[in-house]
Each structure stands twice: as C-alpha cells, then as structure tokens.
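# the amino acid sequence is not available; the structure is as follows:
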C-alpha cells in the first residue's frame, strides 16, 4: 500500500509554492469556506455562474432545455487536494514506516476529536444539529453533515476515519485480500465514471420494468438492499478495473491516463 502511494506522490508535479504557503491555503480553504455559506447570487447576476462553480451548489442554465448542476463546488475540494499533496510526503523515502504510522494516527485521531468538539459546540462548520425525540434521531442529526459542498465537519469526520483506515492498511498491507483495494485505488476516476453510467443504466431499466415507487423516483425500501447492490457491483466491476489498471501501468507515455 505504501509503495503505491509513494509512486503516486512521485508522479505529481513539484509544487511551485512553498510548503508553508500550501499549509496556510489548506487551512483557509477547508476551515474557512463555511463562512461563505450565506453568500448567494441570483441567476441573473454576473457572479451566479462563477460562484456556483466555486462554492454554491446549484443549476447553471446553458440553454432553455439544457442545465448543468455544480454538485462538486471546487473551493473546498482544492483545499482537500492540497492536503492530499502535502500528506503524500509521508509516503516517500524520507519518512520511515514508524514515522508514517505516527503521523497517520495523530492526524486521524486529532481530526476526529476536533470533529466531536466542534460539532458538540454546534456553532460553526455545518448546519446545527438538534436534540430529537429519541437518542437515535439525535445521533443521526449529530452526524447529518453536508457533502455538497463538503463542510469543515464533513472533511474532519471522513478524513479522520480515512487516515486511521490508511494506518491500519499500512500495518496489514501484506494481506492478500487487500490487493483488490490497491487495484481500485490505482484507477479511482475510471471506477467512479464507470459506476455512474452503469447505475444510471440500471436505474432506467428498473423504472421501465417496475415504474417509480418512491414518489417520482425508483428506490429501495431498505438500506440493506443498497449495500447488497454495492457489493455485487464492486465484484462485477473488478475485472474491468483491473484491466484498465494494467493498461495504465503499461502505457506510462499516455499522460492523460494519470487523471483516471
């Protein structure tokens, strides 16, 4: 696992900005972008389109019949990507395994503790949570955080868990059942695009056969069905992902493959 991440880091272009400035940008973009949550522009304003792309998730009308949705506003994601670049240095030869495990543990635990504290205070980082009628509803409200765009609390929770999982995988990297994860991780964008179109195709088939059963949409009645489909599709996708991963490894001369 560490060899894969070390290779990916070595393939990135050397940063033109000093490391300290990248750290500052990361903190500002990830921790500060929620200060802009109340800033919106009407559709007829000249800032509507650029702001929809940068921070405010919404629709952009291209023509009367064609609209584009900015589901992933880029401002907070730029900070997330810079953090990934900075963390890539943990997987170079200058950082041994013990140092890497310590960094992953400190950052992972630190982000999760920070998430709990900031979420408990309930004053910044996402929409407020509420004390509901039952403890389960209260917990669900506490964990109901925003992905579009990713709030500070969303990033702290998911990144904290991800870093601790990465630490575990670093320790257990020689286990044979982890190899498929490495394969998926070598071509994440290819898998992402593939699964989007397959799911859309399956959805259209389901609607054609059974119609809509959740208002205007077709959907499952139980979460267990979602997980079942997830597991089945992950298994079915693996041969295609593996073939593309091998193709990408062979054709290092095709620069555009790095983006897939």
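Perfect, thanks for sending it. Note that the structure is predicted; figures quoted are calculated from it, not measured.
# when you work out contacts or count neighbours from here on, use the C-alpha atoms and nothing else.
Noted.
# now for residue 84, how many residues are close by?
13 (other C-alpha atoms under 10 Å).
# then residue 117?
11.
# packing partners for the strand or helix carrying it?
Residue 117 is part of helix 97-121, with elements assigned from DSSP states H and E. Packing partners of helix 97-121 (3 or more C-alpha pairs under 8 Å, 6 or more residues apart in numbering; DSSP states H and E): helix 152-171.
# can you give me the domain boundaries for this protein?
1-174, 177-260 (automatic domain parsing).
# starting at the chain centroid, how far to stretch 126-137?
Distance of stretch 126-137 from its chain centroid, counting by C-alpha atoms, centre = their mean, to the nearest Å, is 25 Å.
# mean confidence score for that stretch?
The pLDDT scores in stretch 126-137 average 93.
# quick one: terminal-to-terminal distance for that stretch?
Using C-alpha to C-alpha, to the nearest Å, the gap from the first to the last residue of stretch 126-137 comes to 17 Å.
# show residues contacting it.
If you take C-alpha atoms under 8 Å, 6 or more residues apart in numbering as the criterion, stretch 126-137 is touched by 34, 122, 138, 141-142, 144-146, 151-153.
# all helices of the chain, in order?
Along the chain, the segments classed as helices by DSSP state H run 2-10, 19-32, 48-54, 74-87, 97-121, 135-142, 152-171, 179-186, 188-210, 223-250.
# now render those as TSV, adding distance to residue 39.
As requested, these are arranged in TSV below (distance: least, C-alpha to C-alpha, whole Å):
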stretch	distance to residue 39
helix 2-10	36
helix 19-32	13
helix 48-54	9
helix 74-87	14
helix 97-121	22
helix 135-142	24
helix 152-171	17
helix 179-186	36
helix 188-210	31
helix 223-250	35
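# between those helices, which gets nearest to residue 256?
helix 223-250 (9.8 Å; C-alpha to C-alpha).
# buried ones in that closest one, by neighbour count?
The neighbour-count check on helix 223-250 (16 or more other C-alpha atoms under 10 Å) flags 237-238, 241-242, 244-245, 248 as buried.
# swap in stretch 86-104?
Under the neighbour-count criterion of 16+ other C-alpha under 10 Å, stretch 86-104 has 88-92, 97, 100-101, 103-104 buried.
# before we move on, what about stretch 210-225?
The neighbour-count check on stretch 210-225 (16+ other C-alpha under 10 Å) flags 218-219 as buried.
# and the end-to-end length of it?
16 Å.
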